[in-house]
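Asks: For reference, the sequence and a predicted model appear below.
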Amino acid sequence: MSAAVRRKAGGGDCAGPVLAATRALSEAVDRCRFPEPVAHVYNPLDYAWPLHEQYVRRWGATPRRVLLLGMNPGPWGMAQTGVPFGEVAAVRDILGLDGAVGRPSLEHPKRPVQGLACARSEVSGRRLWGFFAAHCGGAEGFFAEHFVLNYCPLVFMEASARNLTPDKLPAAAAAPLFKACDTWLRQVVAIYEPQWVVGVGGFARKKLDALFADASTEGGARPAAAPCCTRARPARRRTAAGNLRPSRNCASRASGPDRIGPNSRQPVEWHRVPKNP
């Protein structure tokens, strides 16, 4: 049965295999070590696993036509909730998730993990979930064909609490981390069998370019929808205020959003995943 047929039938349990792959990813990245300037590393797949599991089981249990991929958790988003782009209010009020969150083993006093009690707001998460909730018929409408993931599950901070993104890590330290993340991403693409993979931001776009630029895969099962990607630049229109918006409601349309939310600075790169001949 094709992924499209299973999507329409509401069948195909993706949650179990995705969670197993994500557990393996969490264990693999926990073994990585990072030199200065990294002083603190948070892994929300450890201390916020119950909320992450709830997110996947509730909203990511079946094949998807579109996967959106971010870079890594923000300190006031997934670091607090275990949910990609997981701004607290969106996780609670739009996604309808609830649960206790633990604490990282070495917590920076300026970046406490407070779970759903955190009063700070993650701007990117507020924009992304607010945009799709408004334009795709709420969470139910959006998740019917879409799912959101992050490439890397770790949060990196310098001693000052300054956020450090994965692309700024020393190459030698980043290599085993990126290898684990690449393996996981190939696995979840194989499980969800998407027609489109969308990179939110330049880092995610480059990772998709590198991993899915041809039809070959390294190890593991080959997705039914081969990761042979060509770039598609969606059509755009402007509002009266000059902001880019989608020509229709959903991100899955070929004329979908080129940017997430009003005035967003995060480019979205679309990758077509054609069916095997």
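Replies: Structure's in. What do you need?
Asks: so residue 98 is in which element?
Replies: Using DSSP states H and E, no element contains residue 98; it sits outside every helix and strand.
Asks: quick one, what contacts it?
Replies: Taking C-beta atoms under 8 Å, 6 or more residues apart in numbering, we find residue 98 in contact with 92, 116. For every residue, glycine as well, the C-beta is placed using N, CA and C.
Asks: begin at 765 from here
Replies: That works, and once the first residue is 765, the last one we named lands at residue 862.
Asks: I'd like the distance between it and residue 956.
Replies: With distances taken as C-beta to C-beta, to the nearest Å, residue 862 is found 25 Å from residue 956.
Asks: Could you do residue 918 as well?
Replies: According to C-beta to C-beta, residue 918 and residue 956 sit 22 Å apart.
Asks: likewise residue 787?
Replies: Applying C-beta to C-beta, the value for residue 787 to residue 956 is 17 Å.
Asks: Between those two, tell me which one has more neighbours.
Replies: Neighbour totals were compared for residue 787 and residue 956, and residue 956 leads with 25 against 13 (other C-beta atoms under 10 Å).
Asks: hang on, the more buried one packs against residue 830?
Replies: No - shown here, residue 956 and residue 830 do not form a contact pair, counting by C-beta atoms under 8 Å, at 9.3 Å.
Asks: okay, and the common contacts of these two?
Replies: Counting by C-beta under 8 Å, 6+ apart, the residues touching both residue 956 and residue 830 are residue 911.
Asks: now stretch 886-895: how far from the chain's centre is it?
Replies: Stretch 886-895 sits 13 Å away from the centroid of its parent chain (C-alpha atoms, centre = their mean, to the nearest Å).
Asks: can you pull the buried residues of that stretch?
Replies: 886, 888-895 (16 or more other C-beta atoms under 10 Å).
Asks: can you redo those as JSON lines with distance to residue 837?
Replies: Shown next, in JSON lines, are those (distance: C-beta to C-beta, whole Å):
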{"residue": "886", "distance to residue 837": "9"}
{"residue": "888", "distance to residue 837": "11"}
{"residue": "889", "distance to residue 837": "10"}
{"residue": "890", "distance to residue 837": "15"}
{"residue": "891", "distance to residue 837": "16"}
{"residue": "892", "distance to residue 837": "13"}
{"residue": "893", "distance to residue 837": "15"}
{"residue": "894", "distance to residue 837": "18"}
{"residue": "895", "distance to residue 837": "19"}
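Asks: Narrow the residues you listed to those in strands?
Replies: Applying DSSP state E to the buried residues of stretch 886-895, no entry is found in strands.
Asks: Tell me who's in contact with residue 824.
Replies: Each residue near residue 824 by C-beta under 8 Å, 6+ apart is listed here: 778-779, 782, 907, 911, 956.
Asks: mind running it again at 6 Å?
Replies: By C-beta atoms under 6 Å, 6 or more residues apart in numbering, the contact list for residue 824 reads residue 911.
Asks: Could I get the pLDDT score of it?
Replies: Note for residue 824: predicted pLDDT of 98.
Asks: What backbone torsions are found at it?
Replies: Per-residue torsions, residue 824: phi -130, psi 40 (degrees, to the nearest 10).
Asks: pLDDT below threshold where in the protein?
Replies: Within the chain, the stretches with pLDDT under 70 are 765-775, 978-1041.
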